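Visitor: Give me the fold of what follows.
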Amino acid sequence: MAVSNGLRRVSFAFATLALCRFALAAEADDTTFVIKNTTGTDIVEVYATPSHHSDGPGQPLPKSAVPAGASVKFTIVNGNCAYELWFVFVDGHKFHTTMDFCDFDTYVVGP
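Guide: Presented below is the predicted three-dimensional model:
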């Protein structure tokens, strides 16, 4: 009986460890980055699409306005590294670029 109780404790410990590891792995899959707007014009929408899905901007990121002179942090759940970024400015101007957020975590829009 003592052996089976010990085995249960070890099994429970391994199950707990596996669950913690799974939770950390899921958190690590999020892509977090900062858009810094150094232009004199507000960005009213930011779009981020994984580079391998480069068929257009899709939907804007939630709360994607980046005022002139400000920085805004974004998190994409279950993201990846390489993104196509589209920016729409208050004056209607649009800008498109690519970024690898595994190498850099901040993209500066402007000079």
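Visitor: hang on, residue 67 packs against residue 37?
Guide: Yes: with contact defined as CB atoms under 8 Å, residue 67 counts as touching residue 37 (6.7 Å). Using the backbone N, CA and C atoms, a C-beta is placed for each residue, glycine as well.
Visitor: So what sits opposite the residue most central in space within the chain in the bridge?
Guide: The centre of the chain sits closest to residue 31, judged by CA atoms, centre = their mean, with a distance of 2.6 Å. Beta-bridge partners recorded for residue 31 (DSSP bridges): residue 76.
Visitor: quick thing: my sequence starts at 42, can you match it?
Guide: Let's use 42 as the start, then, which means that last one is residue 72.
Visitor: Tell me how far it lies from residue 124.
Guide: Residue 72 sits 8 Å away from residue 124, going by CB to CB, to the nearest Å.
Visitor: Need the overlap of contacts for the two.
Guide: residue 142 (CB atoms under 8 Å, 6 or more residues apart in numbering).
Visitor: if we can go back for a sec, contacting residues around the residue nearest to the centre of the chain?
Guide: Counting by CB under 8 Å, 6+ apart, the residues that residue 72 touches are 116, 117, 120, 121, 122, 124, 142.
Visitor: Max pairwise distance over those residues: which two?
Guide: 116 and 122 (14.3 Å; CB to CB).
Visitor: and stretch 72-80, what's its mean pLDDT?
Guide: Computed over stretch 72-80, the mean pLDDT rounds to 95.
Visitor: okay but residue 121 is in contact with residue 89, surely?
Guide: No: using CB under 8 Å, residue 121 is not in contact with residue 89; the gap is 10.5 Å.
Visitor: between these two, who's got more neighbours?
Guide: residue 89 (23 against 14; other CB atoms under 10 Å).
Visitor: Quick one: residues contacting the more buried one.
Guide: Residues in contact with residue 89, defined by CB under 8 Å, 6+ apart, are 102, 115, 117, 124, 125, 126, 127.
Visitor: What separation do you get for it and residue 83?
Guide: Applying CB to CB, the value for residue 89 to residue 83 is 18 Å.
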